[in-house]
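coordinates for the following, if possible.
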Amino acid sequence: MNLKEKINTFPRTPGVYIMKDKNGEPIYIGKSKKLQNRIKSYFINSKSHSRKTQRMVKGIYDIEIINTDTELDALLLECKMIKEIKPMYNKLMKNHENYLYLKINNSIKYPYLEVVNEVNDNNLYFGPYAIGNKLYDIKNIINESYKLRGCKRMNKCIKYDLSQCLGPCRNAIEEYDYQKKINEIINDLKGNSKNILISLENSMQSEINLLNFENASRLKQNIDMINTLFNKQNIINETIYKENTLAWMKVNSEDYKVYFIRNGKLVDCEVIQIKQFEKINKKEYFFNKLNLFNEKTIMNKDIINQKYDLDFIIIINSYIKHSNEVMYILL
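Below you'll find the predicted structure:
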């Protein structure tokens, strides 16, 4: 059976497809609500496809499929397989390679702010953020606004003389007062306050009043970057740490498939009759179900230290909230 004949045998139902090269190695993994239709689309009107897709199609020697109950199941499986196999033509979920964290080294007397690639100790981390080198600029803005130490060795650099640092290396500030500044930053990054934005906006207005428009413009750029950071953190806070989601979608005319999502991650799913599901209290059903799981099964509310997890969480939650076929409630 040639490839064209094989594709004609594929069902028009949800599932994952694995495209392989002449050596049997996966080069692309995708999902679809209707497998046969989606796979055929790669081989029809190929001139309208991107060069990358055309090149990929030329290298396809075999295709395997895995059937699923729903398109959401297919998406979950697709994400899992891409993470494990890392096919060369998949871009999905590769954003994590660009993620960075803001780290507050709270294990020392006068903490400082760092930009790091990984979570590798018990210090305080925020993120991960996919904003590239802008995070270094944001760190500098925070340091400049709060006049934090920027050096690791506290070697009495010139920044104190230039009024750019509080001078812990010269005992110019008490540890308690310095920690108050750090606590303000922590509250900002947790989304509990906007101290730095208020400070920057006041400074910008002062510069405008003095007709120092160039300085005001620079401060406006700083405000925009801090807002970018806060918006990213809000997405993380809302999607991962605050929302519990009960989602369901039809498998057929008689059954729903129900998904239990806590702290952004799928903890279980089950098929239940539509008539039965419509009668139950959704909130009680959700939390009674969660109580059956061992705590190790449920992701805790600490920092997401696997960058992949954040991509996975955002992709799944976006699908749930934007698909016309998924019904859900936030708890």
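
next SSE downstream of the helix ranked longest in the chain?
Taking DSSP state H as the criterion, the chain has its longest helix at helix 213-236. Next helix or strand after helix 213-236 toward the C-terminus (DSSP states H and E): strand 244-250.

give the pairing partners of that following strand; include direction for each.
With DSSP bridges as the test, strand 244-250 is paired with strand 255-262 (antiparallel), strand 327-330 (antiparallel).

just how off-centre is whichever helix or strand Val271 is part of within its chain?
Applying DSSP H and E as the criterion places Val271 in strand 265-273. Averaging C-alpha positions (Cα atoms, centre = their mean, to the nearest Å) puts strand 265-273 22 Å from its chain's average.

please identify the buried residues of that strand?
Lys265, Leu266, Val267, Cys269, Ile272 (16 or more other Cβ atoms under 10 Å). C-beta: built from backbone N, CA, C; applies to glycine.

would a markdown table of the strands paired with strand 244-250 with distance to Lys139, mean neighbour count and mean pLDDT be doable?
Shown next, in a markdown table, are the strands paired with strand 244-250 (distance: least, Cβ to Cβ, whole Å; neighbours: other Cβ atoms under 10 Å; pLDDT from 0 to 100):
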| stretch | distance to Lys139 | mean neighbour count | mean pLDDT |
| --- | --- | --- | --- |
| strand 255-262 | 32 | 21 | 93 |
| strand 327-330 | 33 | 14 | 92 |
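
what would the ones you listed look like in JSON lines with distance to Asn45?
Output for the strands paired with strand 244-250, formatted as JSON lines (distance: least, Cβ to Cβ, whole Å):
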{"stretch": "strand 255-262", "distance to Asn45": "34"}
{"stretch": "strand 327-330", "distance to Asn45": "35"}
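
so which of the ones you listed is nearest Gln179?
Gln179 sits nearest to strand 255-262 of all the strands paired with strand 244-250, at 33.4 Å, using Cβ to Cβ.

can you list contacts of that closest one?
By Cβ atoms under 8 Å, 6 or more residues apart in numbering, the residues outside strand 255-262 that reach it are 69-70, 72-73, 243-251, 266-274, 277, 286, 289-290, 298-299, 316-317, 320.

now it against strand 265-273, angle please.
Between strand 255-262 and strand 265-273, the angle comes out at 160 degrees (axes from the mean of the first three to the mean of the last three Cα atoms, to 10 degrees).

grab the CA positions of strand 255-262 and hand them over as PDB.
Below are the C-alpha coordinates for strand 255-262, written out as PDB (Å, rounded to 0.1, in the frame of the first residue of the first chain):
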ATOM      1  CA  ASP A 255     -21.300  11.200  26.500                       C
ATOM      2  CA  TYR A 256     -19.100  14.100  27.600                       C
ATOM      3  CA  LYS A 257     -15.400  13.800  28.300                       C
ATOM      4  CA  VAL A 258     -14.700  15.800  31.400                       C
ATOM      5  CA  TYR A 259     -11.300  17.300  32.300                       C
ATOM      6  CA  PHE A 260     -10.000  18.300  35.700                       C
ATOM      7  CA  ILE A 261      -7.400  21.000  35.600                       C
ATOM      8  CA  ARG A 262      -5.700  22.400  38.700                       C
END
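
just give me how far that strand sits from the chain centre.
On the basis of Cα atoms, centre = their mean, strand 255-262 sits 21 Å off its chain's mean C-alpha point.

same question, stretch 160-170
Per Cα atoms, centre = their mean, the centroid offset for stretch 160-170 relative to its chain is 37 Å.

same deal with stretch 48-67?
Stretch 48-67 sits 28 Å away from the centroid of its parent chain (Cα atoms, centre = their mean).

what's the separation between Lys109 and Thr9?
Per Cβ to Cβ, to the nearest Å, Lys109 is found 69 Å from Thr9.

helices or strands up against the strand holding Val271?
The contact analysis (3 or more Cβ pairs under 8 Å, 6 or more residues apart in numbering; DSSP states H and E) places strand 265-273 against strand 255-262, helix 307-322.

alright, calling it a day.
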